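A.B. asks: With the sequence up front, the predicted model follows.
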Amino acid sequence: MPKTRVKYVCSNCGYQSPKGFGRCPNCGEFNTMKEVVEEAPSAKAGKATRQPVGTTRTAPQRLREISADVGERLFVPVEEFNRVLGGGIVPGSIILLGGEPGVGKSSLLLQVCGLIADNVGTVLYVSGEESARQIKMRADRFNIQSEDMFLYAETNLGHVFEYVQQINPTVLIIDSIQTMYTEDSESSPGSVSQVRECASRLQHLAKSSGISVFLVGHVTKEGSIAGPRVLEHIVDTVLYLEGDPFQSYRLLRSVKNRFGATNEVGVFEMAGDGMTEVPNPSEAFLAERVINAPGSSIAVTMEGTRPLLVEVQALTSPTSFGNPRRTPNGVDINRLLLISAVLTKRVGLKLHEQDIFINVIGGMKVSEPATDLAMAIAIASSYVDKAVPADLVIIGEVGLSGELRAVGQLPARLNEAAKLGFKRALVPKSRRSMDGVPPTLKLLEVRNMAEALAIGVKDEK
């Protein structure tokens, strides 16, 4: 009888240990070490399980003899989706899509599958969480009537591979990877070993057959893909579908892409008949902007290779408590604390007795330092109760000494601002070349925070 072995695997980072810990020694998370019982396979079984379905053995090749051409990408007639993938779906790639429950992962993939089936090739949609009838009801609501799209409600990966060989689809959808299991492992579906084994076999299938595979992954309460990090290492591309539950906009973000740029963002709007792409996100984010409102400024942030204009709103109010509040929404609280300290120390604003609230409109989350100056001017504008000029866009990083530092890809940011009708841009004074700046945009170059506030906000108190 084969021997069994017990080990403990961290569900957050994949760390393995022969004994359990209350806290993972590798990532430091508590209560993530899960007990996994493994049965040592026999020699024959080992050979069988090491050669998953659909794989072929290859011999070593010389580097100069290997073609680097990945083949023609599968073009999906959804420009925002293609942008995030780097220009389309690479044949034989495996793509992981994660997101909060109810954010629209299955809806987006179902719409993409319908378009692929109509324009590219056969699609097999495998669901382990919904029945075929439930998916059909959603497809009718989205007006999807594709002849080359097959639905299959199954959680056994072996049965899925049987129908893959019969249908030979161009694209395979697994919704979700946490519901799949293989009979070679005795662990329950969703466990660390099952997720890793199923993902590994799907990877072999994609690489050997040229089928593009999409995996839907659950996320933890911290927002990362549930299961060990090895799942993200197995796949070629990791996408996150983000969105505020109280907003209609959804952001499809690429955090890993072996065939394109990372941190690319596609913007969609959730509607009753499905996801619709937003071709000009900057215009959509600024559509409801109130002109000449104190505490509002326009920043330009880069999401991958795309510049996006976002409205940053700030509100200052005299505190009623001993410790003033700092409440950010869409920005890092540490950046807010840093900018508040610089405004207090270097400029002289008495923010130590003010509650400060920051909000990025549209549910966007900005993290790059290029939005520091816009945030600072929005806070100062609210504090002195004077509006920022409506035709002014603000770009720059704030240093601890109150100096302003240049940011990257400035011409691309300025061109996006010029397209939306902005006439002036407040930027840090830099020795960098300003080639590519649109002639319709007037640059206002400043060296420090005091000069910036003199242009953006004039204190009349």
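C.D. replies: All right, it came through fine.
A.B. asks: What is the distance between the helix or strand hosting E35 and the centre of its chain?
C.D. replies: Using DSSP states H and E, E35 maps to strand 33-39. Its chain's average C-alpha position is 31 Å from that of strand 33-39, according to C-alpha atoms, centre = their mean, to the nearest Å.
A.B. asks: quick one: contacts of it?
C.D. replies: Applying C-beta atoms under 8 Å, 6 or more residues apart in numbering, the contact partners of strand 33-39 are 2-11, 17, 20-22, 24, 185-187, 191-193. Bear in mind the C-beta positions are built from the backbone N, C-alpha and C, glycine included.
A.B. asks: In strands, which of those appear?
C.D. replies: Applying DSSP state E to those, the entries found in strands are 4-10, 17.
A.B. asks: which stretches of the stretch 51-200 of the chain form helices?
C.D. replies: Counting by DSSP state H, counting those that start in this stretch, the stretch 51-200 of the chain has helices at residues 79-85, 105-119, 132-141, 157-167, 192-209.
A.B. asks: Indicate which one of the ones you listed is closest to Y249.
C.D. replies: Among the helices of the stretch 51-200 of the chain, helix 79-85 comes nearest to Y249, with 11.5 Å by C-beta to C-beta.
A.B. asks: in the closest one, what counts as buried?
C.D. replies: 80-85 (16 or more other C-beta atoms under 10 Å).
A.B. asks: what pLDDT, on average, does stretch 185-198 get?
C.D. replies: This predicted structure assigns stretch 185-198 an average pLDDT of 82.
A.B. asks: Only the C-alpha atoms, please, for it, written as PDB.
C.D. replies: Presented in PDB, the C-alpha positions along stretch 185-198 are these (Å, rounded to 0.1, in the frame of the first residue of the first chain):
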ATOM      1  CA  SER A 185      -5.000  14.000  -5.900                       C
ATOM      2  CA  GLU A 186      -7.200  13.100  -2.900                       C
ATOM      3  CA  SER A 187      -7.400  16.700  -1.600                       C
ATOM      4  CA  SER A 188     -10.700  18.600  -1.800                       C
ATOM      5  CA  PRO A 189     -11.300  21.100  -4.700                       C
ATOM      6  CA  GLY A 190      -9.900  24.500  -3.900                       C
ATOM      7  CA  SER A 191      -7.100  23.100  -1.700                       C
ATOM      8  CA  VAL A 192      -3.500  24.200  -2.400                       C
ATOM      9  CA  SER A 193      -2.500  20.900  -4.000                       C
ATOM     10  CA  GLN A 194      -5.600  20.700  -6.200                       C
ATOM     11  CA  VAL A 195      -5.300  24.200  -7.500                       C
ATOM     12  CA  ARG A 196      -1.600  23.800  -8.200                       C
ATOM     13  CA  GLU A 197      -2.100  20.400 -10.000                       C
ATOM     14  CA  CYS A 198      -5.000  21.500 -12.100                       C
END
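A.B. asks: Buried residues of that stretch, list them for me.
C.D. replies: Neighbour-count burial for stretch 185-198 [16+ other C-beta under 10 Å]: 185, 187, 189-198.
A.B. asks: Make a markdown table out of the residues you listed and add distance to N31.
C.D. replies: Listed next are these as a markdown table, based on distance: C-beta to C-beta, whole Å:
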| residue | distance to N31 |
| --- | --- |
| S185 | 23 |
| S187 | 18 |
| P189 | 21 |
| G190 | 16 |
| S191 | 15 |
| V192 | 14 |
| S193 | 19 |
| Q194 | 20 |
| V195 | 18 |
| R196 | 20 |
| E197 | 24 |
| C198 | 24 |
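A.B. asks: List just the nearest of the residues you listed to E264.
C.D. replies: V195 (26.0 Å).
A.B. asks: what's across from E242 in the sheet?
C.D. replies: Listed by DSSP bridges, the beta-bridge partners for E242 are L251.
A.B. asks: Looks like it contacts V103 (just checking).
C.D. replies: Yes - using C-beta atoms under 8 Å, E242 is in contact with V103, at 7.1 Å.
A.B. asks: Quickly list what's touching both of these two.
C.D. replies: With C-beta under 8 Å, 6+ apart as the test, E242 and V103 both reach R250.
A.B. asks: Show me what L443 bridges to in the sheet.
C.D. replies: With DSSP bridges as the rule, L443 is bridged to A425.
A.B. asks: correct me, but it touches R432?
C.D. replies: No - L443 lies out of contact with R432 (C-beta under 8 Å); the separation is 12.0 Å.
A.B. asks: Between those two, which contacts overlap?
C.D. replies: By C-beta under 8 Å, 6+ apart, no residue touches both L443 and R432.
A.B. asks: re the thing from before, for S382, find the nearest of the helices of the stretch 51-200 of the chain.
C.D. replies: helix 79-85 (33.7 Å).
A.B. asks: Could you export that closest one as CSV, CA atoms only?
C.D. replies: Extracted in CSV, the C-alpha atoms of helix 79-85 (Å, rounded to 0.1, in the frame of the first residue of the first chain):
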residue,chain,number,x,y,z
GLU,A,79,-10.2,47.3,-28.1
GLU,A,80,-10.0,47.8,-24.3
PHE,A,81,-9.6,44.0,-23.9
ASN,A,82,-6.9,43.8,-26.6
ARG,A,83,-5.0,46.7,-25.1
VAL,A,84,-4.6,45.0,-21.7
LEU,A,85,-3.5,41.7,-23.3
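A.B. asks: What is that helix packed up against?
C.D. replies: With contacts taken as 3 or more C-beta pairs under 8 Å, 6 or more residues apart in numbering; DSSP states H and E, helix 79-85 sits against strand 249-257, strand 265-271, strand 274-277.
A.B. asks: and it, what's its mean pLDDT?
C.D. replies: Average pLDDT, helix 79-85: 92.
A.B. asks: Outside of it itself, list whatever touches it.
C.D. replies: Under C-beta under 8 Å, 6+ apart, the answer for helix 79-85 is 73, 75-76, 88, 95, 108, 112, 237, 239, 252-254, 257, 259-260, 264-268, 277-279, 306.
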